[in-house]
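J.: Pasting the sequence and the predicted coordinates here, then a few questions.
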Amino acid sequence: GENVEQHPSTLSVQEGDSAVIKCTYSDSASNYFPWYKQELGKGPQLIIDIRSNVGEKKDQRIAVTLNKTAKHFSLHITETQPEDSAVYFCAAPGTGSARQLTFGSGTQLTVLP
Amino acid sequence: DTGVSQDPRHKITKRGQNVTFRCDPISEHNRLYWYRQTLGQGPEFLTYFQNEAQLEKSRLLSDRFSAERPKGSFSTLEIQRTEQGDSAMYLCASSPGQANNSPLHFGNGTRLTVT
């Protein structure tokens, strides 16, 4: 099945700096790569996703890049703010009939004021 | 769009007891998923429904677990004879349409503690 690896597991940045989280996947047939943000006591919330027909997608301070050849994709957050502090998960479609998502192990992002 | 609703938010039970969780997906979402999340890990797929049909179950879903979606709307997840290893956050998610790769909308989960 799909194997998704995520790095780093923890990341601390100063407010205003950029943060980058990287994921690799194993199934070359995967074609959809979402990123979720999870705050304490809440479920994961989709923040951005990318499909394999594009290499980059931006939404204000958040961007995702995809390298299908290398089978990795990254989340970039610019001008970080304290409210960006949370756990971030990447995901990729698994090999089940609905290609349900397989998640990475998460990155705890802390933005220091 | 009121979001995905899960009930209860927290459940504490003694080992050996049965528990049942409920999920109300976003209305008109055809697909409903159950995931399990343990501390420090990402969500792990358990099972999913297309309308009322349960189409896939993970190997994580032992025979003590059963899920239903009787009318293609809300879903229940029951765990029989709970074990301490069942302690986790149980997340429900729904997605619209027939296509794979539709975004998942998660609820805030039910946190189960088995003592």
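T.: Yes, it's here. Residues are numbered from 1 along each chain as shown, chains lettered A, B, ... in the order given.
J.: which stretches of chain A form strands?
T.: Ranges of strands within chain A are A:4-7, A:10-14, A:19-25, A:32-38, A:45-51, A:56-59, A:62-67, A:72-77, A:86-93, A:101-103, A:107-112, based on DSSP state E.
J.: Tell me which of these approaches B:E68 most closely.
T.: strand A:101-103 (22.1 Å; CB to CB). For every residue, glycine as well, the C-beta is placed using N, CA and C.
J.: Could you count how many residues lie near the residue of chain B found nearest chain A?
T.: Nearest residue of chain B to chain A: B:G42, at 3.1 Å (CB to the nearest CB). Neighbour count of B:G42, defined by other CB atoms under 10 Å in any protein chain shown: 22.
J.: worst-scoring helix or strand of chain B, pLDDT-wise?
T.: strand B:53-57 (a mean of 90; mean pLDDT, DSSP states H and E).
J.: Which strands and helices lie in contact with that strand?
T.: Packing contacts for strand B:53-57, counted by 3 or more CB pairs under 8 Å, 6 or more residues apart in numbering or on different chains; DSSP states H and E, involve strand B:44-50.
J.: The same query, at a cut-off of 10 Å, please.
T.: In this structure, strand B:53-57 makes packing contacts with strand B:31-37, strand B:44-50, strand B:65-68, judged by 3 or more CB pairs under 10 Å, 6 or more residues apart in numbering or on different chains; DSSP states H and E.
J.: my read: the residue of chain B closest to chain A touches A:W35, true?
T.: No - counting by CB atoms under 10 Å, B:G42 does not reach A:W35; the two are 11.7 Å apart.
J.: what is in contact with those two at once?
T.: Listed as contacting both B:G42 and A:W35 by CB atoms under 10 Å, 6 or more residues apart in numbering or on different chains are A:44, A:89-91, A:104.
J.: quick revisit: spit out the contact partners of the residue of chain B closest to chain A.
T.: Residues in contact with B:G42 (CB under 10 Å, 6+ apart) are A:4, A:6, A:36, A:38, A:44, A:87, A:89-91, A:101-106, B:35.
J.: Check B:G72 too.
T.: Neighbour list for B:G72: B:25, B:29-30, B:32, B:49-53 [criterion: CB under 10 Å, 6+ apart].
J.: Help me confirm that it is found in a helix?
T.: No - the assignment for B:G72, made by DSSP: H, G, I helix; E, B strand; the rest coil, is coil rather than a helix.
J.: What confidence value was assigned to it?
T.: pLDDT for B:G72: 85.
J.: Which part of chain A gets nearest to chain B, residue-wise?
T.: A:F103 (3.1 Å).
J.: need the contact list for that residue.
T.: Contact analysis of A:F103 by CB under 10 Å, 6+ apart lists A:2, A:4, A:6, A:23, A:34, A:36, A:44, A:89-92, A:94, B:35, B:37, B:41-45.
J.: make it 6 Å
T.: A:F103 makes contacts with A:89, A:91, B:42-43, as judged by CB atoms under 6 Å, 6 or more residues apart in numbering or on different chains.
J.: so where is chain A shaky, pLDDT-wise?
T.: Chain A contains residues with pLDDT under 70 at A:97-98.
J.: which bits of it sit near chain B?
T.: A:32, A:42-44, A:46, A:89, A:96-100, A:103-106 (CB under 6 Å from any CB of the partner chain).
J.: can we see that at 8 Å?
T.: Within reach of chain B by CB under 8 Å from any CB of the partner chain, chain A has these residues: A:4, A:6, A:31-32, A:34, A:36, A:41-46, A:49, A:51, A:89, A:91, A:93-94, A:96-106.
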